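Asks: sequence first, predicted model second:
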Amino acid sequence: MKTRLIELDLETATVVKRVSRVSVLCEKGGVEALFHMTNTGRLLELIYPGATVYVYKRKGVKTDGVVVGVDTRDGPALIDTRTQSRCFELACERGLVPWLQPYKIVGREVKIGGSRIDYLIEAGSDAKGLMELKSAVYLDSDGAAMYPDTVSLRGRDHIMLLTGLPRKLRRIITFIAAHPAAKYFRPCDEADPMISRLLKAAVEGGVELRSVKICLRDGAVYLEDWDLPIRL
């Protein structure tokens, strides 16, 4: 059962070209505008000239807004990582992610050594943990939502960091499957085979792997599956 999390004020535009890892030139009604991209993956199957994107207009110093989603043959894929995080947090706050309970998110951007982990989680003063989110919007032909879509040194570092922390801490890596056709999650060996090996070692070291599916429909974001299957 889908649960609505937030509504968004979005407009459609057409991709002219990807200017950089963090910006896309789009066109609407004959007018071109530059939009920010929070998702720094390659996204070759999603962001290309002629693709229809969903944008949130907000005039900034360098851009005219943010690319939130992109149309696919299966419906819109939610590619904005900030919106993904916001929706996941809302789902947790509303008790819609049972596997997290009784833990709750109590902190963000937690500095551990030279890295930052997305969330500090707690279930009382003696039960603490850390959780990292990863965006999985790259889709395989069999319905696998995958991460990453290119070599990710940062992703490797996060996995190794969580694996090396004491077992008394609850450690979770959560993959946000944000493609409408996603049926399960798996690491993308084709893009970065090291990630798959590190995730298997992480599980052996007591790290939990989870996946949550969210979808963009008619200007709103829905929680579609709070415990999407994972295959390593």
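Replies: Perfect, thanks for sending it. Numbering: from 1, shown residues only.

Asks: alpha carbons only for contacts and neighbour counts from here, please
Replies: Noted.

Asks: beta partners of the residue nearest to the spatial centre of the chain?
Replies: Centroid-nearest residue in the chain, with C-alpha atoms, centre = their mean: Ser135, separated by 2.4 Å. Per DSSP bridges, residues listed as beta-bridge partners of Ser135: Ile176.

Asks: tally of neighbours for the closest residue to Val15 other than its chain neighbours?
Replies: Closest residue to Val15 in three dimensions, ignoring its sequence neighbours and counting by C-alpha to C-alpha, 6 or more residues apart in numbering: Cys26, at 4.4 Å. Using other C-alpha atoms under 10 Å, Cys26 has 26 other residues around it.

Asks: given the helix or strand containing Cys26, what are its sheet partners and their directions?
Replies: Assigned by DSSP states H and E, Cys26 belongs to strand 23-28. Here strand 23-28 has these sheet partners by DSSP bridges: strand 11-20 (antiparallel), strand 31-36 (antiparallel).

Asks: among those strands, which comes closest to Thr174?
Replies: strand 31-36 (24.3 Å; C-alpha to C-alpha).

Asks: list of residues touching that closest one?
Replies: With contact meaning C-alpha atoms under 8 Å, 6 or more residues apart in numbering, strand 31-36 is reached by 22-27, 55, 62-67.

Asks: distance from it to the middle of the chain?
Replies: Distance, stretch centre to chain centre, for strand 31-36: 23 Å (C-alpha atoms, centre = their mean, to the nearest Å).

Asks: using CSV, write down the CA coordinates of that strand.
Replies: Extracted in CSV, the C-alpha atoms of strand 31-36 (Å, rounded to 0.1, in the frame of the first residue of the first chain):
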residue,chain,number,x,y,z
VAL,A,31,13.5,29.5,-22.9
GLU,A,32,16.7,27.8,-21.6
ALA,A,33,17.5,27.6,-17.9
LEU,A,34,20.2,26.0,-15.8
PHE,A,35,19.1,23.6,-13.0
HIS,A,36,21.0,22.1,-10.1
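
Asks: thanks a lot, catch you later.
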